[in-house]
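**Q** Can you look at this prediction? I've put the sequence above it.
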Amino acid sequence: MSLILPPLKKVYVDNPVFTLDAPELELSGTGYTCVIGRNGSGKSSYGEALASHKPISENNHWYYLPQYLERFLFAENILEQLTDLLGQTVNHTELEQLLQELGFTDPTQMINFPFILMSGGERRRMALATVSYLKPKQIILDEPEIGITAKENMVLLAKLNNLQAVSAKVILISHNFEFVKRSSDLICLENGRVAKAGSTQDLMADPDFNPKDYGVRFQQEMDKAGLE
Amino acid sequence: MEGRIEVTDLTLSYRWKQFEKIIFKNLNLSIDTGAFLTVIGRNGSGKSSLIKLILGLIEPEKGSVKINGKSVKPGYPDGVRQGHIAYLSQQIEELFYADTVREELSYGQSFQVNEYQEILENLELADLLERSIETLSGGERQALALAQFMSQPAPILLLDEPSSYLDRHRSIILRQYLDGMHACGKTILHITQYPSELSWGTHVLDLDTSSPSVATV
């Protein structure tokens, strides 16, 4: 089933030089979709606009997890956070398993452990655990890999694939080539406009396409030899 | 230009209600002037706490931090105030005070926009001077914080995940800047989550090991 994204147009009163103007897009949707672009190209704006777009039905609503994930944590710990969000009892076993997958070594303790004592990266993973537990049908993750280690990034990638496996639609905003190359589709933004969109495989095979032009960072590129 | 950091027998834990989180137990480190130290470790291993201890932003339960042989006193970061240390925080969301980029760059310090034109152009901030901070993307915010950081002539540079939000171009600018500062003999302490950035430095500190110590790359 293909992924159809609505046209998105938005002007910003406090930033008149920037306008988001994206056409309707039809993508394969066979895996997750990556949104790429230089800093300030409108990636987060695209995600926010998509999430605030009026859906045809409640099932079509896009859930947006912001770049500053810490904003998303409002309770004292993850158990309280999920209980408040769901209004019902949380399955401890499922939550503990999720925390373990996300790299917490003592999940039994962590379900009650206060966010206030956690590092930035731990809080970010708690926000990701919250969203994973909620199992949204359509989700936009805005650079979720920031502040977490390479190993945990791989877990995140697996979680994205798991979400996809349960028919969730996932859009990932990222600068990381490891995520970009594993996506099924790409949306490439330039100054609020869609410069290119389509299958990742096709774009990668296109000699005129270079992910570096859209700010994508490569794992080994920042070694001395890779400097330009 | 001296920038020696010594950490002796340092113990730190955070407490809240009945919960306690131990960060360091009897940590000893010696970072020589001119070292480019990359600090790695899992989330919660104490990377940011180490920088905050060096700044004096938090107080250890036990032990001491010395900069050039002088003990760091907890409280307002004297090292930053006196120009010995430049600090780039991980938190870019609530880092700025002013309304616009230009105001922020001039806020409370000697940053003269004309004087630092090259930094602003390299970081692609020159065209954003009149922009409201609120409208900046994550990467643009981090570039703004980086510009402020780069304008400081301190001999000790502390950077907490400085490239997280940066795109490829700006990451390369950061890398080139750090190479240049290292060549000038500055002491650099760089926290990162990116394995590819390990090769930037001369030394590495892995806080995941049972007795963390400074090793050469």
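**A** Great, that's in hand. Residues are numbered from 1 along each chain as shown, chains lettered A, B, ... in the order given.

**Q** so what's residue 213 scoring on pLDDT?
**A** This is for chain A. pLDDT recorded at residue A:213 is 95.

**Q** Chain B was what I was after
**A** For residue B:213, the model assigns a pLDDT of 91.

**Q** quick one: contacts for the residue most central in space within chain A?
**A** By Cα atoms, centre = their mean, chain A has its centre lying nearest to residue A:141, at 1.8 Å. Counting by Cβ atoms under 8 Å, 6 or more residues apart in numbering or on different chains, residue A:141 touches A:65, A:131, A:160, A:170-173. Yep, even glycine has a C-beta here, placed from its N, CA and C like the rest.

**Q** Also residue A:193?
**A** The neighbours of residue A:193, taking Cβ under 8 Å, 6+ apart as the test, are A:21-22, A:42.

**Q** Next, the buried residues of stretch B:129-137.
**A** Neighbour-count burial for stretch B:129-137 flags B:131-133, B:135-137 (criterion: 16 or more other Cβ atoms under 10 Å in any protein chain shown).

**Q** Tell me which two of these sit farthest apart.
**A** Across those, the longest distance by Cβ to Cβ is 12.4 Å; it joins B:132 and B:137.

**Q** Excluding chain neighbours, give the residue nearest to residue 24 in space.
**A** As the question left the chain open, I've gone with chain A. Of all residues not flanking residue A:24 in the chain, residue A:7 sits nearest, at 4.6 Å (Cβ to Cβ, 6 or more residues apart in numbering or on different chains).

**Q** wrong one, chain B
**A** Leaving out its chain neighbours, the residue that sits closest to residue B:24 by Cβ to Cβ, 6+ apart is residue B:12, at 4.6 Å.

**Q** Shouldn't that neighbour be within a strand?
**A** Yes: under DSSP: H, G, I helix; E, B strand; the rest coil, residue B:12 sits within a strand.

**Q** ok, it - how many residues close by?
**A** 21 (other Cβ atoms under 10 Å in any protein chain shown).

**Q** Also residue B:200?
**A** Under the criterion other Cβ under 10 Å, the count of neighbours that residue B:200 has is 21.

**Q** Could you check how far it is from residue B:192?
**A** With distances taken as Cβ to Cβ, to the nearest Å, residue B:200 is found 8 Å from residue B:192.

**Q** so what sits against both of the two?
**A** Taking Cβ under 8 Å, 6+ apart as the contact rule, residue B:200 and residue B:192 both touch residue B:38.

**Q** Residue A:67 reaches residue A:140, doesn't it?
**A** No: contact criterion Cβ atoms under 8 Å: residue A:67 and residue A:140 do not qualify, at 10.7 Å.

**Q** Find the residues that touch each one of the two.
**A** residue A:173.

**Q** so of the buried residues of stretch B:129-137, which ones are in helices?
**A** Secondary structure defined by DSSP state H assigns none of the buried residues of stretch B:129-137 to helices.

**Q** From the residues you listed, list the ones also adjacent to chain A.
**A** Among the buried residues of stretch B:129-137, the ones lying near chain A by Cβ under 8 Å from any Cβ of the partner chain are B:131-132, B:135-137.

**Q** before we move on, the earlier item: including pLDDT and neighbour count, could the contacts of residue A:193 go into JSON lines?
**A** Below are the contacts of residue A:193 laid out as JSON lines (pLDDT from 0 to 100; neighbours: other Cβ atoms under 10 Å in any protein chain shown):
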{"residue": "A:21", "pLDDT": "97", "neighbour count": "14"}
{"residue": "A:22", "pLDDT": "97", "neighbour count": "22"}
{"residue": "A:42", "pLDDT": "96", "neighbour count": "27"}
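
**Q** Next, residue B:20: phi, psi?
**A** Backbone torsions for residue B:20, taken as degrees, to the nearest 10, come to phi -140, psi 140.

**Q** got it, and residue B:38?
**A** According to degrees, to the nearest 10, residue B:38 has phi -100, psi 130.

**Q** and it, what pLDDT?
**A** 97.

**Q** With residue A:43 instead?
**A** In this prediction residue A:43 is given a pLDDT of 97.

**Q** Over to the one 10 residues further on?
**A** If you check residue A:53, the pLDDT there is 86.

**Q** how far away is it from chain B?
**A** 20 Å (Cβ to the nearest Cβ, to the nearest Å).

**Q** show me what contacts the closest residue to that residue other than its chain neighbours?
**A** Ranked by Cβ to Cβ, 6+ apart and with sequence neighbours excluded, the top spatial neighbour of residue A:53 is residue A:6, at 5.5 Å. Counting by Cβ under 8 Å, 6+ apart, residue A:6 touches A:24, A:50, A:53.

**Q** who does residue B:21 bridge with?
**A** residue B:14 (DSSP bridges).

**Q** Burial check on it, number of neighbours?
**A** 18.

**Q** returning to what we had before: residues near the residue nearest to residue A:24, how many?
**A** For residue A:7, using other Cβ under 10 Å, the count is 11.

**Q** Next: residue B:158.
**A** Around residue B:158 there are 27 other residues, counting by other Cβ under 10 Å.

**Q** residues contacting it?
**A** Neighbouring residues of residue B:158 by Cβ under 8 Å, 6+ apart: B:51, B:54-55, B:85-88, B:189.

**Q** how about the contacts of residue A:193 in TSV, adding secondary structure and distance to chain B?
**A** Below are the contacts of residue A:193 laid out as TSV (DSSP: H, G, I helix; E, B strand; the rest coil; distance: Cβ to the nearest Cβ, whole Å):
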residue	secondary structure	distance to chain B
A:21	strand	17
A:22	strand	16
A:42	coil	8
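
**Q** okay, the closest residue to residue B:9 other than its chain neighbours: pLDDT?
**A** Excluding its sequence neighbours, the residue lying closest to residue B:9 (Cβ to Cβ, 6+ apart) is residue B:63, at 4.1 Å. The model reports residue B:63 with a pLDDT of 96.

**Q** how about the longest helix seen in chain B: buried residues?
**A** Longest helix of chain B, by residue count under DSSP H: helix B:168-183. Neighbour-count burial for helix B:168-183 flags B:168-175, B:177-178, B:181-182 (criterion: 16+ other Cβ under 10 Å).
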